[in-house]
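**Student:** could you work out the structure for the sequence below:
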Amino acid sequence: MNCRGCIPWRREASALLGKLRASAGLMVGQPDYETYLHHRETRHPNETAMSREAFFREREARRYGEGGGARAFRCC
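**Tutor:** As a prediction, the model looks like this:
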């Protein structure tokens, strides 16, 4: 059904789910790639953004440290 009254509700629900997904990712240490792209477009328009794979590799290296460096995350 394409009820005109349902369309705004679906948009709001979709936006809310997107925000919840991004928040859940941040809780486990995975920042949102779409937020990164938006930041790059608005703050650094002349620079090339990282690919999705490079973005997550860089973020994991920053969180866990490369080769067990000083910034390595340790739970115990």
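**Student:** in this structure, which residue is closest to the centre?
**Tutor:** Centroid-nearest residue in the chain, with C-alpha atoms, centre = their mean: Asp32, separated by 0.3 Å.
**Student:** so where's this protein uncertain?
**Tutor:** Where the chain drops to pLDDT under 70, the residues are 1-6, 28-30, 66-76.
**Student:** list the buried residues for the longest helix anywhere in the chain?
**Tutor:** Ordering each helix of the chain by length in residues (DSSP state H) puts helix 6-27 first. Within helix 6-27, the residues scored as buried using 16 or more other C-beta atoms under 10 Å are Ala22. To be clear about C-beta, it is placed using only N, CA and C from the backbone, and glycine gets the same treatment.
**Student:** give me the three-state assignment for Ala49.
**Tutor:** coil (DSSP: H, G, I helix; E, B strand; the rest coil).
**Student:** again, but for the one 10 residues further on
**Tutor:** Assigned by three-state DSSP, the conformation of Arg59 is helix.
**Student:** what's the closest non-adjacent residue to it?
**Tutor:** Residue nearest to Arg59 in three dimensions, not counting chain neighbours: Pro31, with 5.9 Å by C-beta to C-beta, 6 or more residues apart in numbering.
**Student:** next: Asp32.
**Tutor:** Ala22 (4.2 Å).
**Student:** sounds good, over and out.
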